[in-house]
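A.B. asks: From the sequence below, what's the structure:
(chains A and B)
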Amino acid sequence: MLPDQAYEALIDAVGQENVSREPVVLDGYAWQPTFNYNPELWMERPSAVVLPGSTEEVRQTILVCNEYGLKFKALSTGWCVTAAPWCEGVVILDLRRMNRILEIDEKNMYVVVEPCAIGAQIQAEVMRYGLNIHMIGAGCISSPLASATSFMGHGWDGIYMSYSPRNVLGVEWVLPSGKVLKLGTPGSGLGWFSGDGPGPSLRGIMRGAIGACGGVGVFTKCALKLFNWPGPPVVEAEGLGLDTKTELPQHFKVYLCFLPDWDSFADSMYEIGEAEIGYIINKNALGLLLSVIFPRLTRKIAKRKAIKETVDVLKNEFEIILAGNSEREISYQVEVLEDIISRNGGFLFDLGDNPLVGIFWWGLVRNYAPPILFRPGGQFMTLFGSDDSFDSQVTAARLGERIKKEWLEKDLIYDDLGDTSWMHIFENGMWGHCEVPFIFDPRNRRQVEAVMPEAIESVMASLEKNLGVGMLAMEPLIRKIASPMQGNYNKWQKEFQRIIDPRGAADSALYTGEAEIDLSTIDPNKLQKMTEIIMKNLWTESGPPR
Amino acid sequence: MTLADYERDMAGCSRCTCCKWSALSQIKSWRYAKNCPSVTKYNFHAYSGGGRLTAGLSIIKGRSELTEGVADIVYKCQLCGACDTACKIYRDDIDINEVLLEFRADCVERGQLVLEHMLMIDALKKEDNVLGEPKAARDKWAEGLGLKDVNKQRADVLLHAGCRYCYDKDLWPSIRAAVRLILSAGINLGFAGKNESCCGGRAYELGYRGEAEKYADDMLSRVKASGAITLLTCCADGYSHFRYLYPRMGRKLSVDVVHITEYLIRLIQAGRIRFQRKVPLKVTYHDPCHLGRMSEPFIPEWEGDKLLRPSSLKRAGRGGVYEQPRAALRSIPGLELVEMERIREWSWCCGAGGGVYEAYPDFCFWTAMERIDEARSAGAEALVTACPWCVRAFRDALEQAGEAFPIYDMMELVAKSIGIPEEEV
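C.D. replies: Numbering: from 1, shown residues only, chains lettered A, B, ... in the order given. Presented below is the predicted three-dimensional model:
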């Protein structure tokens, strides 16, 4: 229970109507079923929730937390366990009221936003200027500021718009001490156009590869790069979800590309990247796609061998959207794509006027479809997700296929025909990303309890192949295993934390926290293998394992 | 059903927050991207559709008590259904609307009452209407129209005027125009006069199930006794209640239930009425929640795992009345219809529903002014709608704000085009 004095201080900071300690309101921030390895799905109930409306109110709230020995955690849209309190005594800063688009700089192609302006809002506004913003895989309902400053940030437009850590420019950051730090040009009063100076450049400390998930303070404003949008200023679409219909604008093409195997698939990706064509590229998990469109039918046919074999044959598929500023440019891109796919032994299917073009074109550009993943089973989780060469992503996809098959046989996940991966490339194909999704019912205790063992298994498989741990790195249980195998990186993070947050005010469980795994949840045979992998890869004081 | 019966729905919430936003594929600006008045105004997650699911789960799991604070969350909601529609773009296994209704019934059963709602129910018990107006004056709006009294004469079509139209003099021209229009088309129309009562839907929405059932039974008897084959209403609330809440209470009407906008189109298509006079006006149409997404017919609760429920057996807002009002407006010569960004099943609410107009007028007026702002932004010279509660909320909100913007009940524009003199209505 929050002490009365602290409660009064919070009211002074943000106003009476913007503070609550009503248990049922607090539980709204404790319920976090997405990416939660805790089978209960309830996280710690926060001590209070506040709704700051400005940077100054954020700062005042943090100062109160410091004064009363409370911890704090900020959230934007709040989807995912990263937004939850991970320990007792946390004050949640729900940044909903900070939702503005502060500036669209058309000439210099950037937008300055607050935490709770979602991707769909920003995209709708910048498209009027012939510009577009990178959308993360979680969809347009997410906060671009949050992915840019605090967590992951991959999406299928990465081929054209890179990914969130690359796109963040100037940042306003309230440190856990209450000090306001401005990164990049805002730090020198020179506008928002650069994240790296003149002015302090701490991008690596701010978020690193995965992000500190709120463990290093609160980001209250940031500038994000914008990119060319050769489409209409307002897209008129009929329908709301999978039924969406739109007309494909001039100078756009949408293809489904099928390759015969993983090698030709990877080669095509590299070549497309090198050729610098494409606006969006995405490998979908075909079985999963069928599952979200026909969830009941898929349940009925999933056990049929012929169906699985068909999906297996077609699994090396990706969707690509080409966009040009002229007929000449789009014609060139089409020719290059046809050449690449043809040389790699594949074929492509032009969606053209097909009714599906609506969902594939606008669905991928606006990226409104991701919540449909909840449809077949109620919840999903993804494995892997370390950025590396595309060949490494293919390795991850193959590992995922093996792991998923085993869990499907145990009937612990929804049978999506076993197709495994979402994949995309960025930065001319120099980087790739792969996540292996699996679906389960959060109300099915047996399935929920299987989530953590499955995650651990994927981490072990990743580490064995030197793939890194990807987005699972945020999880304290995984950090405890992975850090000693990867140069004890968490010791360094804790050093940064000591400087940034001397009083330990931020809820930093997802930044530096470590927790013990309940070994009883792991199959004894797998436990033995896991121990072998750990022992083989442990760093010692003299350095990495030999 | 009880709140606890919806545990799987509540525990299914993934907290994706789609319930807070307009259809993501349709968002066209920063300004008009939100769909839920409640969480837009009060901001804490608990005031959203998903937040209320979690609140309900917290209550039934014994994590939280049903306090006055909880009641505040439960009742500062218009039951507009926007959250449910947004959720169902993606989900088949969650019925937010059902949870919200059960939450209210639970509040009433366990004594977490709202004073203004108690006064409405008292008024209902005394005068058979939630406005507290005398029952004896219920038929005054129809004076001089020559409507048949179904207590004495048989009519093919029984008109249910509804509480708001019966007592709100500002709205009498609309309903009188509707009656004149239908009579002029040669329809055998009647009404119950002083014997008409509230449909009971508002009582149900407030959580007073017993009262609602009593009035539903009364309505069923009246319809049956009238011998009518069609129940016509100009009240969008009543329309929704007849099609959705009545069957939910196990009291399905055995007649064709029709809203005036649907009936109008039937008459136009049959060539029985024609719009002759120009109405040179650029208007935008506000979809009333109860005529739109909330008017979908009741579908019995799916038994068992809702993950197995076919999409066709979920109420997702698609089956509301959206086209007929627009078609009628387009039929009026000289009238130009422009659309707002949030329309049809992803429409923004007027603010009046769910007892909010009565208990939290400031919240209602704020919601209404948000919509009027959107109408202005669309370039409209006036806003037209087809629900008396919406008209009332918009006009009152404008008055309170000291602003002017023409608000029309659709039948007012129809009357102008048909050429019914104002003094006759």
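A.B. asks: Tell me where the stretch 151-300 of chain A has strands.
C.D. replies: A:168-174, A:180-183, A:218-225, A:227-228, A:252-258, A:280-282 (DSSP state E, counting those that start in this stretch).
A.B. asks: Looking at those, spot the one closest to chain B.
C.D. replies: strand A:218-225 (14.5 Å; C-beta to the nearest C-beta). Bear in mind the C-beta positions are built from the backbone N, C-alpha and C, glycine included.
A.B. asks: Direction included, what does that closest one pair up with?
C.D. replies: strand A:110-113 (antiparallel), strand A:168-174 (antiparallel) (DSSP bridges).
A.B. asks: Remind me what the longest strand that chain A contains packs against, helices and strands.
C.D. replies: Determined from DSSP state E, the single longest strand within chain A is strand A:431-440. For strand A:431-440, the packing partners by 3 or more C-beta pairs under 8 Å, 6 or more residues apart in numbering or on different chains; DSSP states H and E come out as helix A:286-293, helix A:374-377, strand A:379-384, helix A:390-409, strand A:422-426, helix A:451-464.
A.B. asks: Out of these, flag the one nearest chain B.
C.D. replies: So among those, helix A:374-377 is nearest, using C-beta to the nearest C-beta, at 5.1 Å.
A.B. asks: can I assume A:Leu248 is in contact with A:Trp361?
C.D. replies: Yes - using C-beta atoms under 8 Å, A:Leu248 is in contact with A:Trp361, at 5.7 Å.
A.B. asks: So these two - more neighbours on which side?
C.D. replies: Between A:Leu248 and A:Trp361, counting by other C-beta atoms under 10 Å in any protein chain shown, A:Trp361 is the more crowded of the two (26 against 19).
A.B. asks: who are the neighbours in contact with that one?
C.D. replies: By C-beta atoms under 8 Å, 6 or more residues apart in numbering or on different chains, A:Trp361 lies in contact with A:246, A:248, A:252, A:254, A:321, A:351.
A.B. asks: what's the pLDDT at it?
C.D. replies: pLDDT, A:Trp361: 96.
A.B. asks: tilt between the helix or strand that contains it and helix A:286-293?
C.D. replies: Taking DSSP states H and E as the definition, one finds A:Trp361 inside helix A:357-366. Following axes from the mean of the first three to the mean of the last three C-alpha atoms, to 10 degrees, one obtains 100 degrees for the angle between helix A:357-366 and helix A:286-293.
A.B. asks: What is the most widely separated pair among the contacts of A:Trp361?
C.D. replies: A:Thr246 and A:Ile321 (12.5 Å; C-beta to C-beta).
A.B. asks: And those two? Which one has more around it.
C.D. replies: A:Ile321 (23 against 20).
A.B. asks: hang on, the more buried one is in a strand, isn't it?
C.D. replies: Yes - assessed by DSSP: H, G, I helix; E, B strand; the rest coil, A:Ile321 belongs to a strand.
A.B. asks: what sits opposite it in the beta ladder?
C.D. replies: Beta-bridge partners for A:Ile321, by DSSP bridges, are A:Val254, A:Ile280.
A.B. asks: Please tell me how far it sits from chain B.
C.D. replies: Relative to chain B, A:Ile321 is positioned 16 Å away (C-beta to the nearest C-beta, to the nearest Å).
A.B. asks: tell me the contacts of that residue?
C.D. replies: For A:Ile321, the contact set (C-beta under 8 Å, 6+ apart) comprises A:252-254, A:278-281, A:360-361, A:364-365.
A.B. asks: make it 10 Å
C.D. replies: The contact partners of A:Ile321, by C-beta atoms under 10 Å, 6 or more residues apart in numbering or on different chains, come to A:156-157, A:159-160, A:248, A:252-255, A:278-282, A:351, A:360-361, A:364-365.
A.B. asks: for A:Pro52, same thing?
C.D. replies: Contacts of A:Pro52 (C-beta under 10 Å, 6+ apart): A:10, A:13-15, A:18-19, A:58-62, A:74, A:93-98, A:115, A:174, A:218, A:220.
A.B. asks: And A:Asp388, by the same measure?
C.D. replies: Counting by C-beta under 10 Å, 6+ apart, A:Asp388 has contacts A:395-396, A:431-434, A:466-468, A:470.
A.B. asks: closest point of the stretch 151-300 of chain B to chain A, which residue?
C.D. replies: B:Arg293 (11.3 Å).
A.B. asks: separation between that residue and A:Leu145?
C.D. replies: 32 Å (C-beta to C-beta, to the nearest Å).
A.B. asks: residues near A:Lys405, how many?
C.D. replies: Neighbour count of A:Lys405, defined by other C-beta under 10 Å: 12.
A.B. asks: That one contacts A:Asp416, correct?
C.D. replies: No - using C-beta atoms under 10 Å, A:Lys405 is not in contact with A:Asp416; the gap is 11.6 Å.
A.B. asks: Up against chain A, what does the stretch 301-425 of chain B have?
C.D. replies: For the stretch 301-425 of chain B, the contact set with chain A under C-beta under 10 Å from any C-beta of the partner chain comprises B:305-311, B:316-318, B:341, B:344-346.
A.B. asks: Return a PyMOL selection command for the buried portion of the residues you listed.
C.D. replies: Applying 16 or more other C-beta atoms under 10 Å in any protein chain shown to these leaves a buried subset, and the PyMOL line that selects it is:
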select buried, chain B and resi 306+307+309+316+317+318+341+344+345+346
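A.B. asks: hey, what's B:Thr284 bridged with?
C.D. replies: Counting by DSSP bridges, the residues bridging with B:Thr284 are B:Val338, B:Leu383.
A.B. asks: helix, strand or coil for the residue most central in space within chain B?
C.D. replies: Nearest to the mean C-alpha position of chain B, counting by C-alpha atoms, centre = their mean, stands B:His290 at 2.7 Å. What three-state DSSP gives for B:His290 is coil.
A.B. asks: Within the helices and strands, which one has the closest residue to it other than its chain neighbours?
C.D. replies: Leaving aside its chain neighbours, B:His290 sits nearest to B:Ser240 (3.8 Å; criterion: C-beta to C-beta, 6 or more residues apart in numbering or on different chains). Element membership for B:Ser240, per DSSP H and E: helix B:236-240.
A.B. asks: Show me what that helix packs onto, helices and strands only.
C.D. replies: helix B:163-167, helix B:201-206, strand B:230-233, strand B:256-259, helix B:260-269, helix B:388-401 (3 or more C-beta pairs under 10 Å, 6 or more residues apart in numbering or on different chains; DSSP states H and E).
A.B. asks: ok, B:Ala368 touching B:Cys350?
C.D. replies: Yes - under the criterion of C-beta under 10 Å, B:Ala368 makes contact with B:Cys350 at 5.4 Å.
A.B. asks: overlap in contacts of these two?
C.D. replies: Between them, B:Ala368 and B:Cys350 share these contacting residues under C-beta under 10 Å, 6+ apart: B:37, B:286, B:357, B:383, B:390, B:392-394, B:397, B:407.
A.B. asks: contacting residues for B:Cys390?
C.D. replies: Applying C-beta under 10 Å, 6+ apart, we find B:Cys390 in contact with B:164, B:236-237, B:286-291, B:349-353, B:368, B:371, B:383-384, B:407, B:409.
A.B. asks: Can you give me the distance of it to chain A?
C.D. replies: Plainly put, B:Cys390 is 23 Å away from chain A if you go by C-beta to the nearest C-beta.
A.B. asks: okay, that residue: pLDDT?
C.D. replies: So B:Cys390 comes in at 98 (pLDDT).
A.B. asks: cool, A:Lys529 as well?
C.D. replies: With respect to pLDDT, A:Lys529 has a value of 88.
A.B. asks: again, but for A:Asn428
C.D. replies: Per-residue pLDDT puts A:Asn428 at 89.
A.B. asks: Over to B:Glu424?
C.D. replies: 69.
A.B. asks: on that earlier part again, most neighbours of all the shared contacts of B:Ala368 and B:Cys350, which one?
C.D. replies: Busiest of the shared contacts of B:Ala368 and B:Cys350 [other C-beta under 10 Å] is B:His286, holding 32 neighbours.
A.B. asks: A:Val469 contacts A:Lys480, doesn't it?
C.D. replies: No - the criterion here is C-beta under 10 Å, and A:Val469 misses it with A:Lys480 at 11.5 Å.
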